[in-house]
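> The following block contains a protein sequence and its predicted model.
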Amino acid sequence: MKKVFILVEAGVNHNGCLETAKKMVQVAKDSGADAIKFQTFKAEKLVSKFAEKAEYQKTNTQTKESQLEMIKKLELSFEDFRELKKYCEELGILFLSTPFDFDSIEFLKELNMEIWKIPSGEITNLPYLRKIGKIAKKIIISTGMCELFEIEEALNILKDSGATDISILHCNTEYPTPMKDVNLKAMQTLYEKFNQKIGYSDHTLGVEVSIAAVALGAEIIEKHFTLDKSMMGPDHKASLNPIELKYMIDSIRNIEVALGSKDKFVTESELKNKNIARKSIVARKNIKQGDIFTEENLTVKRPGNGISPMKWDKIIGKVAVKEFEEDELIVL
């Protein structure tokens, strides 16, 4: 049984504070996540001074600052990320961070990051894709806001650049994603179309869609979390709190076990109930030795440790070899 890779997204929910980021690493570890992911960027190289904030960012931050001004406050230094990676290694959880500019790519390459996560917004950024593809590490790519042809183009660029291990996440880039726009079955289309490992990057409120994605075959789940939803920042309100995060991960692990195999068989746990729940052919009333078994003197009742009712037609018309009292199991 393959274990679902659970990637929890800290993103910028540390609000630019290293100590908060470390607390998030501890929460992720305690919750049972396989990896925690941050976002590495130099604000001035990510967004122009003319870029507006997204509507959800305006709503959640409630300030008139530009996107550049907002993002600048959420930036961690390269040295902070060195310390975060080291802290993750000490706790035994995998460190990931999504780069948003070339300098950040080079820096994360120096850190020997094991898995690279490409966000939906960069899937049409050819120079970016080519640079990461040349690093030839494991890659996870989100596909929010994408048509199938755009995903195919991005995959071809990554593969042509040298990438050999690419996983695809179905995703909707709205925070939070309305249920009517989740379109979870498209995840299966991605598998059928591209024959790569698939998963789901979840921006809905709650945990049920991530759990459903696992039941539909997701091998990777990505989900945002925060220490406190009431904190000021663009992503906190659409993130899970620590209690919700633990519940989601525990639920996914339960679903993993529950999925089992495609084989249908009697399990060890239910075997002891087989004779109790099933029925046998018994005497409907007292039967004398030599009587003929008929539908009037036979019936079907629990327990199931006698002759199976599936042999009813073969029993009718037989001769009773002994006396049977009412409810007694019939024997031949």
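That came through, no problem.

> ok, longest helix in this structure?
Using DSSP state H, we find that the single longest helix of the chain is helix 242-259.

> Summarise which helices and strands that helix is packed against.
Secondary-structure packing of helix 242-259 (3 or more C-beta pairs under 8 Å, 6 or more residues apart in numbering; DSSP states H and E): strand 5-11, helix 18-31, helix 208-215, strand 220-224. Glycine gets a C-beta too; all of them are placed from N, C-alpha and C.

> and it with strand 220-224, angle?
For helix 242-259 against strand 220-224, the angle by axes from the mean of the first three to the mean of the last three C-alpha atoms, to 10 degrees is 170 degrees.

> Quick check: the gap between the most far-flung residue of the chain relative to its centre and residue 208.
Centroid-distance maximum for the chain: residue 290 at 64.9 Å, with C-alpha atoms, centre = their mean. Plainly put, residue 290 is 64 Å away from residue 208 if you go by C-beta to C-beta, to the nearest Å.

> where does the protein dip in pLDDT?
Along the chain, the parts satisfying pLDDT under 70 run over 1, 53, 58-59, 62.

> That one: strands as residue ranges?
5-11, 35-40, 94-99, 115-118, 138-142, 166-171, 197-202, 220-224, 280-283, 298-301 (DSSP state E).

> Dump these to TSV, plus distance to residue 130 and mean neighbour count.
TSV is the format used below for the strands of the chain (distance: least, C-beta to C-beta, whole Å; neighbours: other C-beta atoms under 10 Å):
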stretch	distance to residue 130	mean neighbour count
strand 5-11	24	25
strand 35-40	19	24
strand 94-99	14	23
strand 115-118	12	23
strand 138-142	12	23
strand 166-171	14	23
strand 197-202	22	26
strand 220-224	23	24
strand 280-283	71	20
strand 298-301	71	17
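
> circling back to that earlier point, so what does the residue farthest from the centre of the chain look like in phi/psi?
Torsion angles at residue 290 (phi, psi; degrees, to the nearest 10) stand at phi 100, psi -10.

> Was I right to think it contacts residue 319?
Yes: using C-beta atoms under 8 Å, residue 290 is in contact with residue 319, at 6.2 Å.

> From residue 54, how far off is the closest residue in space to residue 145 that isn't next to it in sequence?
Among residues not flanking residue 145 along the chain, residue 173 sits closest, at 4.9 Å (C-beta to C-beta, 6 or more residues apart in numbering). Going from residue 173 to residue 54 by C-beta to C-beta gives 9 Å.
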